[in-house]
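> Sharing a model prediction with you, sequence too.
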Protein chains: 2
Amino acid sequence: MPTDQPRWLNQRERDAWLPFVGLLLKLPHALDSAMRRTTGLSHFEYLVLSALSDSTEHTRPMSELAEIANASQSRLSHVVAKLEENGLVRRSTCPGNGRVVLATLTEAGYREIVAMAPRHVDVVRALVIDTLDTEQLDQLTAICARIRSAVDREPPTSRR
Amino acid sequence: MPTDQPRWLNQRERDAWLPFVGLLLKLPHALDSAMRRTTGLSHFEYLVLSALSDSTEHTRPMSELAEIANASQSRLSHVVAKLEENGLVRRSTCPGNGRVVLATLTEAGYREIVAMAPRHVDVVRALVIDTLDTEQLDQLTAICARIRSAVDREPPTSRR
DNA sequence: CCAGCTCGCTTGAAGTGTCAAGCATCAGTT
DNA sequence: AACTGATGCTTGACACTTCAAGCGAGCTGG
């Protein structure tokens, strides 16, 4: 796809793009520090625990977990290692398939997340959900779907 | 603000929240690696240079730059230091106010950003703008404004 | 049964961002 | 002038993420 004439953004597009970039730059950190302040875990760590607690037997293969949490295997591996040190998660190789590793929520991990969940909703509501009306909620859903499909299409992680 | 009964997310809210979190997790990196691949600079570095090129004399106080780029002073300081090493930016203390540092685009820096700009639009369009129709663009603008004001209100960076 | 591939995961190093501390400069008081 | 505090920026250490490399388990074909 050769770049003929650059198609600059028009006013309307810039009005959307600039604030959006601003959000991308600030929201993740806002979310993270609010979560850390109220629950002691990062937003991403919470996501991982939450995904496990929603799983049968509180257990998942690492790769599925990574998928659900929108993370690379590497990132997940590091984070789970840390959660394991803290006694919230346990890892075991899958009986029947020696290369799969199963992550399981420990008792302590389950108690933790049950305790944190209300704080988590509070944060999510305060920063995002409650700032929008119902229509905007649906609009956001649609917008995310569009952008997401572009993101998933584009990046073959460096060239193929 | 005591947490009475947790106000759990309903289906509609979850349908918006989960994909949105997914985006927050993946889009920044997608943007960044696409920019690095096509321009050699990170998306954030581009933002900084771009902000300078839009400024009179291609010059700005660091603190204004940080504001525009939605970054902490610390982050900006690190990045500008790197850009300065690469000869794209020059720093000088402001005559007339010894504690202000002015960042200025060098000739090379200006040439760079002019050359990169078309690539940048391409990336932005491919990943975000062109995936949305006009209505959604406006909706996104409104949504960002709402969330943003919540983000700016909430986080007094640790307590105080 | 083993050679070679793929798959699932881990590891270590390099790069970035944050936080807290530090350092001048400037302004306001006395 | 010296004291005090606020302001603008930088610095260093630490935490986190990515990237590339590595490793063992499981297939597949000879």
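Good, I have the coordinates. Quantities reported herein were computed from a predicted structural model and do not represent experimental measurements. Numbers count the residues shown, from 1 in each chain, chains lettered A, B, ... in the order given.
> from what I can see A:Glu84 touches A:Arg90, true?
Yes. With the criterion set as CB atoms under 8 Å, A:Glu84 and A:Arg90 qualify as a contacting pair; they are 6.5 Å apart. The way it works is simple: take the backbone N, C-alpha and C, and place the C-beta from them, glycine included.
> The closest residue to DNA strand D within chain A: neighbouring residues, count only.
Of the residues in chain A, the one nearest DNA strand D is A:Gly98, at a distance of 2.3 Å by CB to the nearest atom of the strand. By other CB atoms under 10 Å in any protein chain shown, the residues close to A:Gly98 number 8.
> what helix or strand is it on?
Assigned by DSSP states H and E, A:Gly98 falls within no helix or strand.
> what does A:Cys144 give?
Under the criterion DSSP H and E, the helix or strand holding A:Cys144 is helix A:134-153.
> Next, the angle helix B:134-153 makes with that helix.
Between helix A:134-153 and helix B:134-153, the angle comes out at 100 degrees (axes from the mean of the first three to the mean of the last three CA atoms, to 10 degrees).
> quick one: average confidence on helix A:134-153?
Helix A:134-153 shows an average pLDDT of 96 in the prediction.
> Residues contacting it, please?
Identification of contacts with helix A:134-153 by CB atoms under 8 Å, 6 or more residues apart in numbering or on different chains yields A:129, A:132, B:12-13, B:15-16, B:19-20, B:22-23, B:26-27, B:30, B:126-128, B:131-132, B:136, B:139-140, B:142-143, B:146.
> Can you give me every residue that contacts A:Pro19?
B:141, B:144-145, B:148.
> Determine which two of those are furthest apart.
In terms of CB to CB, those reach their longest pairwise distance at B:Thr141 and B:Arg148, which sit 10.5 Å apart.
> Could you list the low-confidence segments of chain A?
Along chain A, segments meeting pLDDT under 70 span A:1-3, A:155-160.
> what about stretch A:74-88, near chain B?
No. No part of stretch A:74-88 sits near chain B under the criterion CB under 8 Å from any CB of the partner chain; the closest distance found is 9.7 Å.
> Ok, stretch A:106-126 next?
Yes. Stretch A:106-126 reaches chain B (CB under 8 Å from any CB) through A:117-119, A:121-122, A:124-126.
> Regarding chain A, what is its longest helix?
The single longest helix within chain A, with elements called by DSSP state H, is helix A:11-39.
> Alongside DNA strand D, which residues does chain A contribute?
Along chain A, the residues adjacent to DNA strand D under the rule CB under 7 Å from any atom of the strand are A:42, A:44, A:71-72, A:74-75, A:78-79, A:82, A:97-99, A:157-158.
> if I look at the most centrally placed residue in chain A, how far off is A:Ser53?
The residue at the geometric middle of chain A, judged as the C-alpha nearest the mean C-alpha position with CA atoms, centre = their mean, is A:Ala69 (4.8 Å). Between A:Ala69 and A:Ser53 the distance is 13 Å, computed by CB to CB, to the nearest Å.
> now the contacts of helix A:134-153: which count as buried?
With neighbours counted using 16 or more other CB atoms under 10 Å in any protein chain shown, the contacts of helix A:134-153 contain these buried positions: A:129, A:132, B:13, B:15-16, B:19-20, B:22-23, B:26-27, B:30, B:126-128, B:131-132, B:136, B:139-140, B:142-143, B:146.
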